[in-house]
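> Quick check, what structure comes out for this input:
(one chain, ligands or ions: 1)
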Amino acid sequence: MSDTSKKIWANSGDSHFLEPEDLWRKNLPARLAELVPRSEKDPDGLWETVHIDGMSFRRKLPTGKSKEFFEASNRAPGAADISKRLPDLDQEGIWAELVFPSLGMWSSSFRTPEVLREALRVSNDWAYETIDKVSPRLISTAQVSTLDINDAVTELERCAEMGYRAVFMPVTPHPLQKDYNQDDWEPFWTAVERANMVLAFHIGTDPVDLSTGGSMGAVYRGPGGAVLNYTETTFGGQRAVMKMVASGALDRHADLKVLVSEGGATWVPFVADRMEEGYRQHAMAVRPKLKRSPKEIIYSQVYASFQHDESAVAAMTGMGYNNVMWGSDYPHMEGTYGHTQETLHGLFDDVDPKVRERITVGTFTELFPGVPAMPASASV
Ligand code: MN
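Okay, here's the model as predicted:
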């Protein structure tokens with residue numbers, strides 16, 4: 001029996017930091033700075049015009065519920081203030097974390113390769129200095145252009161040199177670029193594998209549709225819309241993995257590790273079974289042939305993080321999928337901020353300590369070895 005009064009420490013494969021809004025504008029040469037996202041608010045404060053890379057669109061400023069959403073998502077003191085980050089994490093019982101960017105959600109709205117390349121370069125320099133250098137518990141994800149694959153390779157190699165250990169990728173590449181199952185991406189997969197970096201897809205990062213006012217994930221309207229839109233965000237991560245397996249990318253690059261953050265875990269055995277069936281039953285149509293079966297590739301190279309899912313532990317205990325990883329999604333409102341200990345105890349109090357250790361600690365340190373040791377569990 002676990003002692004419910006003890007603090008459970010856990011690593012998080014899914015956390016976020018909010019960069020200063022003017023990071024790009026302040027750090028790019030003037031001719032590029034004028035092309036990064038810029039908002040002009042109407043005097044009545046209800047609408048804004050967003051200018052980005054030579055295009056403009058109008059959108060409603062958050063009021064009422066959407067304003068509450070935004071504020072609730074960033075309410076943690078350490079969301080945008082690095083000096084408050086570790087005290088926050090200590091209180092929650094989160095030890096090391098993989099930290100995703102926030103400004104990068106604009107990436108798919110850029111059209112000029114040079115602007116995107118230079119903006120992400122600024123972000124990468126900034127995040128490593130501001131976040132990673134504060135503590136070895138904080139591991140930032142590098143960002144690369146998915147608009148220009150040569151730019152992506154060059155920036156990835158520069159980031160690897162700097163000390164980055166993971167690269168964030170949107171689940172769908174830039175709308176003007178080829179999809180992830182196409183051979184055009186081969187030089188990039190080669191570079192990530194060679195740099196020994198983790199390829200970290202974060203769900204909910206399909207390209208932003210400017211025609212809907214630049215809001216992410218608003219696919220459905222009407223009854224049930226909020227739950228439909230939320231649930232929908234998870235499927236992009238599954239598709240990204242399917243593309244990398246079916247195209248042979250992960251088979252060719254057996255040392256390449258893929259993490260899908262925030263998307264749950266039980267989908268992995270499910271998708272592996274479906275791909276296995278398709279590969280076998282449609283063998284006459286299958287190209288390319290793989291050296292290993294889809295399931296073998298997925299179970300050895302794909303990792304998945306979840307925060308609340310009650311079924312996620314069973315992906316490991318009941319389905320034999322060992323790369324299950326917990327993640328806090330700090331500081332977002334889908335995450336566990338404010339109730340992390342309650343969540344961890346609820347998930348793990350009745351679970352074999354070895355399983356708990358793997359999901360809260362071991363899976364993470366397998367991808368990111370060298371994280372300092374956790375404090376021994378202490379009384380809350
Ligand atoms: Mn997240």
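
> The residue of the stretch 51-200 of the chain found nearest the ion bridge partners, please.
Nearest residue of the stretch 51-200 of the chain to the ion (CB to the ion) works out as Phe100 at 6.2 Å. Where you see a C-beta, it was placed from the backbone N, CA and C, and this is true even at glycine. Phe100 has these beta-bridge partners by DSSP bridges: His16.

> Trp185 touches Asp148, doesn't it?
No - using CB atoms under 8 Å, Trp185 makes no contact with Asp148, being 11.9 Å away.

> quick one: which of these two has more around it?
The neighbour count for Trp185 versus Asp148, taken as other CB atoms under 10 Å, is higher for Trp185 (23 against 19).

> before we move on, the earlier item: could you tell me how far the residue of the stretch 51-200 of the chain closest to the ion is located from Glu114?
For Phe100, the distance to Glu114 equals 24 Å [CB to CB, to the nearest Å].

> And the two? Which one has more around it.
Phe100 (23 against 15).

> Quick one: residues contacting that one.
Applying CB atoms under 8 Å, 6 or more residues apart in numbering, we find Phe100 in contact with Asp14, Ser15, His16, Phe17, Thr141, Phe168, Ala200, His202, Ser261.

> Recalculate using a threshold of 10 Å.
14-17, 127, 140-141, 143, 166, 168, 200, 202, 205, 261-262, 329 (CB atoms under 10 Å, 6 or more residues apart in numbering).

> Show only the entries of those residues found in strands.
Residues of the contacts of Phe100 located in strands (DSSP state E): Asp14, Ser15, His16, Ser140, Gln143, Ala166, Phe168, Ala200, His202, Ser261.

> show me what contacts the first one?
The neighbours of Asp14, taking CB under 10 Å, 6+ apart as the test, are 97-100, 200, 202-203, 259-263, 305-307, 325-330, 332, 334-335.

> From those residues, list the buried ones, please.
Buried by 16 or more other CB atoms under 10 Å: 97-100, 200, 202-203, 259-263, 305-307, 325-330, 332, 335, out of the contacts of Asp14.

> who's in contact with Pro331?
With CB under 10 Å, 6+ apart, Pro331 has these contacts: 15-18, 72-80, 85, 88, 92, 337-338.

> Could you do Met325 as well?
10-14, 98, 259-261, 265, 303-306, 312, 358-364, 366-367.

> which of the residues you listed are close to the ion?
With CB under 5 Å from the ion as the criterion, these include Asp14 near the ion.

> In strands only, show me the contacts of Met325.
Those of these lying in strands (DSSP E): 10-14, 98, 259-261, 303-306.

> thought Phe69 was touching Asn229?
No - counting by CB atoms under 10 Å, Phe69 sits too far from Asn229 to count as a contact (11.8 Å).

> Neighbour count: the two, which is higher?
Asn229 (17 against 14).

> residues from the chain in reach of the ion?
Asp14, Glu262, Asp329.

> I'd like the residues you listed as TSV, with pLDDT and distance to His174 appended.
Listed next are the residues of the chain next to the ion as TSV, based on pLDDT from 0 to 100; distance: CB to CB, whole Å:
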residue	pLDDT	distance to His174
Asp14	98	23
Glu262	98	21
Asp329	97	25
